[in-house]
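Colleague: Let me see the structure of the following:
(one chain, ligands or ions: 2)
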Amino acid sequence: MLKHSLVINREVRDAIADNRAVVALESTIISHGMPYPQNVETARLLEQTVRDNGGVPATIAILNGKIHVGLAEDELEFLATDKNIAKASRRDLPALLAGGRHAATTVAATMICSVLAGVRFFATGGIGGVHRGAAESMDVSADLREFAETPVLVVSAGAKAILDIPLTMEYLETMGVPVLGYCTDEMPAFYYARSGVKVPVRVDSAGEAAAIFKTSLAMGYRSGILVGNPIPEADALDRDKIEACIAQAVSDADLHGVKGQQVTPFLLGRLNEITGGDSLKTNISLVRNNAAVCTKIAVEFFK
Ligand code: PSU
Ligand code: MN
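Modeller: Numbering: from 1, shown residues only. Ligands and ions are numbered 1, 2, ... in the order given. The predicted structure is shown next:
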């Protein structure tokens, strides 16, 4: 049945069959994470970055109820501009596929679709995590539990400080998810490099990360691996300044009664306004850096 719901483009299919470095890219960042036209420009830039590092990009989304792995230019443009694109996480996929809908995939949903297609590597910006105030709201992103059961290596610039980073790391530990710091001892904090929260394992090369993932798969682990890759120093934002802006955005979300799936897109949009576009520029830089590192790890893996 799934055969008819899974559309893998020719280039990606050939690359998977040849054991080449295919890198998945998500679409929520396009439809709900950035404004137009930066969203579609970034989508193209990421695909080019994967290619420049010797990989094949596979941007993933749901179109007409089918999982598309590898998108055409007009499909990227559609996801970047259409106002009726759903945001799909794990719980949403069955209804969206059965209903023939269009949807952008979050980190969790992109991981699921990657594995269905046979893709093991995925670059994103920030993962979802435990939200600030989660003790009250119980807002814990489904991204986190996905790592416990879906064997994909994901490169991310860490959890954004709109989240509670120490609690996010606790949750990952509870779920038994291997977390690696790429050339760092600390979980990166998205807009800046150091969160002060230690990662359990530091790697200093793509080869080391690839070897750990191989071992985890060989051991029969069903979990994924999270690689925290810090934003390049030159593009990082000042910690105190961005923290003040984040606090403002979080309090605006409360004020507007923003809940559930809307929280992350609201905070991202509000931060972009408050910082006069600086948060968006930083976001583009770090996600590009993640695409490069993820491709290098995938290339090492298949050597
Ligand atoms: N963080 C970002 N940009 C994003 C997201 C997170 O900096 O675009 C998106 C990702 O797709 C992530 C999702 O999987 O938000 C998490 O949403 P939620 O917190 O509702 O699970
Ligand atoms: Mn949430």
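Colleague: Which residue does the stretch 201-303 of the chain have closest to ligand 1?
Modeller: The nearest approach of the stretch 201-303 of the chain to ligand 1 comes at T264, 4.1 Å away (Cβ to the nearest ligand atom). Quick note: C-beta positions are derived from backbone N, CA and C, even for glycine.
Colleague: which ones are touching that residue?
Modeller: T264 makes contact with H32, G33, G128, S141, I162, according to Cβ atoms under 8 Å, 6 or more residues apart in numbering.
Colleague: how about 7 Å then?
Modeller: Counting by Cβ atoms under 7 Å, 6 or more residues apart in numbering, T264 touches G128.
Colleague: quick check, it in a helix?
Modeller: Yes: the assignment for T264 by DSSP: H, G, I helix; E, B strand; the rest coil puts it in a helix.
Colleague: Distance check, it against I165.
Modeller: Here T264 is placed at a distance of 15 Å from I165 (Cβ to Cβ, to the nearest Å).
Colleague: On the pLDDT front, check the residue of the stretch 201-303 of the chain closest to ligand 1 for me.
Modeller: Looking at T264, its pLDDT reads 90.
Colleague: Relative to T106, how far out is it?
Modeller: Remark: distance between T264 and T106 (Cβ to Cβ) = 9 Å.
Colleague: Then I29?
Modeller: I29 is 9 Å from T106, by Cβ to Cβ.
Colleague: ok, now Q48?
Modeller: 23 Å.
Colleague: which of the two has more neighbours?
Modeller: Between Q48 and T106, counting by other Cβ atoms under 10 Å, T106 is the more crowded of the two (29 against 13).
Colleague: What does that one show for phi and psi?
Modeller: Per-residue torsions, T106: phi -80, psi -180 (degrees, to the nearest 10).
Colleague: what's it in contact with, if anything?
Modeller: T106 sits in contact with E26, T28, K87, A88, S89, G128, D143, where contact means Cβ under 7 Å, 6+ apart.
Colleague: The same query, at a cut-off of 8 Å, please.
Modeller: Contact analysis of T106 by Cβ under 8 Å, 6+ apart lists E26, T28, K87, A88, S89, G128, S141, A142, D143.
Colleague: residue ranges with poor pLDDT in the chain?
Modeller: For the chain, the stretches with pLDDT under 70 are 1, 161.
Colleague: So L96, which state does it fall into?
Modeller: For L96, the assignment made with three-state DSSP gives helix.
Colleague: quick revisit: and the gap between the residue of the stretch 201-303 of the chain closest to ligand 1 and A298?
Modeller: The gap separating T264 from A298 is 26 Å, by Cβ to Cβ.
Colleague: D164 too?
Modeller: Using Cβ to Cβ, D164 is found at 30 Å from A298.
Colleague: same check, this time on H68
Modeller: H68 is 20 Å from A298, by Cβ to Cβ.
Colleague: Between those two, which has more neighbouring residues?
Modeller: Higher neighbour count among H68 and A298: A298, with 31 against 24, using other Cβ under 10 Å.
Colleague: How many residues are close by the residue nearest to the more buried one when sequence neighbours are not counted?
Modeller: What sits nearest to A298 in space, not counting adjacent residues and going by Cβ to Cβ, 6 or more residues apart in numbering, is A21, at 3.6 Å. By other Cβ under 10 Å, the residues close to A21 number 23.
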